[in-house]
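Novice: Compute the structure for the input listed below.
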Amino acid sequence: MSEATQDAVAPSPAATTATGASFTARLRRPAPYLWFAGSVLLLLLPFYLDRFWLQAGLFAMAAAIGAIGLNLLTGSTGQLSMGHAFFLAVGAYGYCILGGESSAENGHVITGLGLPTWLAAVLAVLLAGAAGGLFSPIAGRLSGAYLGIATLALIFIGQHVLFNAGSLTGGFNGRPVPPLSLFGFTFDDAEVVVAAVPFQSSEKLWYLGLAALLAGGLFARGVLRGRPGRALNAIRDHRIAAGVMGVPVARYRAGVFVLSSMYAGLAGVLLALVFQRTVPEYFGMILSLEYLAMIVIGGLGSVAGAVIGAAFVSLLPQVLTHYSDSLPLVSAPGTGGIAPGEASRYLYGAAVVAVVLFLPGGIARLKTPGEKKK
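Specialist: Model (predicted):
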């Protein structure tokens, strides 16, 4: 081989130096190590945390799944939805009706179809998507405040049905939730000992919630990073220009509304399994406002932002309740101080204002110490 050929094949010293510097820079980035450490920590938490904190974490997981769906709709497409709680209720009550057994409670018969609970969970998510599909023609043609007002009507309709259709929903007192059975394994309070640690429903559901959150987050990330995500962002930034470029605006708006509804349905199923009883009052307007706060605080159009915002908004009242005895001004309801739930709304309301004024991209846009700003 000639010297000229060797020079052409062998990498130049500058290229070798650049490759080595790039590899060293990647090693110095803390993000991969933080992700790995966080994953290991989440897998080990059921062995060390008590039931209160495990349930709080499960609430955060369910909220994160629902917030990812709302972020696809509002953060990525720019469609304001005030009715997200309605689709959570469809998922939660759909699972109870499809998987529960008929029984008499509080003076009236509660209807249940008695399907296998794993099938009931899948059908409940599809049912929430179907409910979103029925509303999608409206979602495909409205935008901004008009869509927000239209979806707000879903909350009032849903609350009326939940409180008055006693044979399906149990009325004001709600209805019990059947435990999920998957591949012969039941997520109930029957003890299963693992490494000398008793696993009950919260410990079992923890890993189910992690799997659902991981699958939902990866799917949403793939949507946002692919061609559909670019189309959704184009619709959000300039609807008319997107239509001129050939993007079917109405179809994409309707489709993402259905997808967002399915995410909400999955979150509703997980919430029902954690609560072990569905109550109509929970699925009201305040829940929808909390989901909007989640995606604003975490970061619009970001899967990580939805998870961060959901963790902040859903865990804050749990933390304040747990430590209300040692916190100033915060006390149990009826004792003269500010109730933990009310205090948490003040705090994340202030967080929304702070994010809008000083950090428009949300918490997810903050840079890690080893990451340079682009």
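Novice: Off-centre distance for the helix ranked longest in the chain?
Specialist: Criterion DSSP state H: the longest helix present in the chain is helix 249-275. In terms of CA atoms, centre = their mean, to the nearest Å, the centre of helix 249-275 is set 9 Å apart from its chain centre.
Novice: Please apply the same query to stretch 34-43.
Specialist: 19 Å.
Novice: Remind me what the longest helix of the chain packs against, helices and strands.
Specialist: Contacts defined by 3 or more CB pairs under 8 Å, 6 or more residues apart in numbering; DSSP states H and E place helix 249-275 against helix 51-70, helix 84-99, helix 117-141, helix 201-225, helix 227-237, helix 239-244. From N, CA and C alone the C-beta is placed, and that goes for glycine too.
Novice: of those, which approaches residue 263 most closely?
Specialist: helix 51-70 (2.4 Å; CB to CB).
Novice: which regions of this structure sit below the pLDDT cut-off?
Specialist: Low-confidence segments of the chain (pLDDT under 70): 1-31, 106-107, 332-336, 367-374.
Novice: thinking residue 180 is in contact with residue 117, fair?
Specialist: Yes - contact status for residue 180 versus residue 117: in contact at 4.8 Å, counting by CB atoms under 8 Å.
Novice: quick one on the thing from earlier: only the buried residues of the longest helix of the chain, if you could.
Specialist: Neighbour-count burial for helix 249-275, with 16 or more other CB atoms under 10 Å as criterion, is recorded at 249, 252-275.
Novice: which residue packs closest to residue 305, ignoring adjacent ones?
Specialist: Nearest in space to residue 305, with sequence neighbours left out and distances taken as CB to CB, 6 or more residues apart in numbering, is residue 299 at 2.6 Å.
Novice: ok, that neighbour touching residue 366?
Specialist: No - using CB under 8 Å, residue 299 is not in contact with residue 366; the gap is 9.0 Å.
Novice: Looking at these two, which is more packed in?
Specialist: Ranked by neighbour count (other CB atoms under 10 Å), residue 299 and residue 366 place residue 299 first, with 25 against 11.
Novice: residue contacts, that one?
Specialist: By CB atoms under 8 Å, 6 or more residues apart in numbering, the residues touching residue 299 are 75, 305-306, 308-309, 361-365.
Novice: Could you do residue 89 as well?
Specialist: Contacts of residue 89 (CB under 8 Å, 6+ apart): 158, 162, 268, 280, 283.
Novice: I'd like these laid out as CSV, including secondary structure and distance to residue 325.
Specialist: Formatted as CSV, the entries for the contacts of residue 89 read as follows, by DSSP: H, G, I helix; E, B strand; the rest coil; distance: CB to CB, whole Å:
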residue, secondary structure, distance to residue 325
158, helix, 36
162, helix, 34
268, helix, 33
280, helix, 31
283, coil, 30
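Novice: Let's see if you can find the most crowded of these.
Specialist: Within the contacts of residue 89, residue 268 tops the neighbour count with 29 neighbours, counted by other CB under 10 Å.
Novice: Apart from its neighbours in sequence, what residue is nearest it?
Specialist: Counting by CB to CB, 6+ apart, residue 268 lies nearest to residue 91, which is 2.9 Å off, once chain neighbours are set aside.
Novice: Count the neighbours of that neighbour for me.
Specialist: 32.
Novice: Please identify the deepest-packed of the helices and strands packed on helix 249-275.
Specialist: helix 84-99 (a mean of 28; mean count of other CB atoms under 10 Å).
Novice: relative to helix 249-275, how tilted is it?
Specialist: Counting by axes from the mean of the first three to the mean of the last three CA atoms, to 10 degrees, helix 84-99 points 60 degrees away from the direction of helix 249-275.
Novice: How far off centre is helix 84-99?
Specialist: Centroid separation between helix 84-99 and its chain, computed with CA atoms, centre = their mean, is 15 Å.
Novice: Then stretch 210-224?
Specialist: Mean-position distance between stretch 210-224 and its chain equals 10 Å (CA atoms, centre = their mean).
Novice: ok, now stretch 167-179?
Specialist: Worked out by CA atoms, centre = their mean, stretch 167-179 lies 23 Å from the chain centre.
Novice: Quick check: buried residues in that stretch?
Specialist: For stretch 167-179, by 16+ other CB under 10 Å, it's 168-171, 174-179.
Novice: now swap in stretch 276-288 and tell me
Specialist: Within stretch 276-288, the residues scored as buried using 16+ other CB under 10 Å are 278, 280, 282-284, 287-288.
Novice: ok, so of those, who is nearest residue 205?
Specialist: Nearest member of these to residue 205, counting by CB to CB, is residue 278, at 15.6 Å.
Novice: what's the spacing between residue 168 and residue 109?
Specialist: Distance of residue 168 to residue 109, given as CB to CB, to the nearest Å: 10 Å.
Novice: and if you look at residue 167?
Specialist: Residue 167 is 6 Å from residue 109, by CB to CB.
Novice: residues contacting the residue nearest to residue 51 when sequence neighbours are not counted?
Specialist: Counting by CB to CB, 6+ apart, residue 51 lies nearest to residue 202, which is 5.2 Å off, once chain neighbours are set aside. Contact analysis of residue 202 by CB under 8 Å, 6+ apart lists 46, 51, 54-55, 58, 274.
Novice: One more pass at 10 Å, please.
Specialist: Each residue near residue 202 by CB atoms under 10 Å, 6 or more residues apart in numbering is listed here: 46, 49-58, 187, 189, 209, 274.
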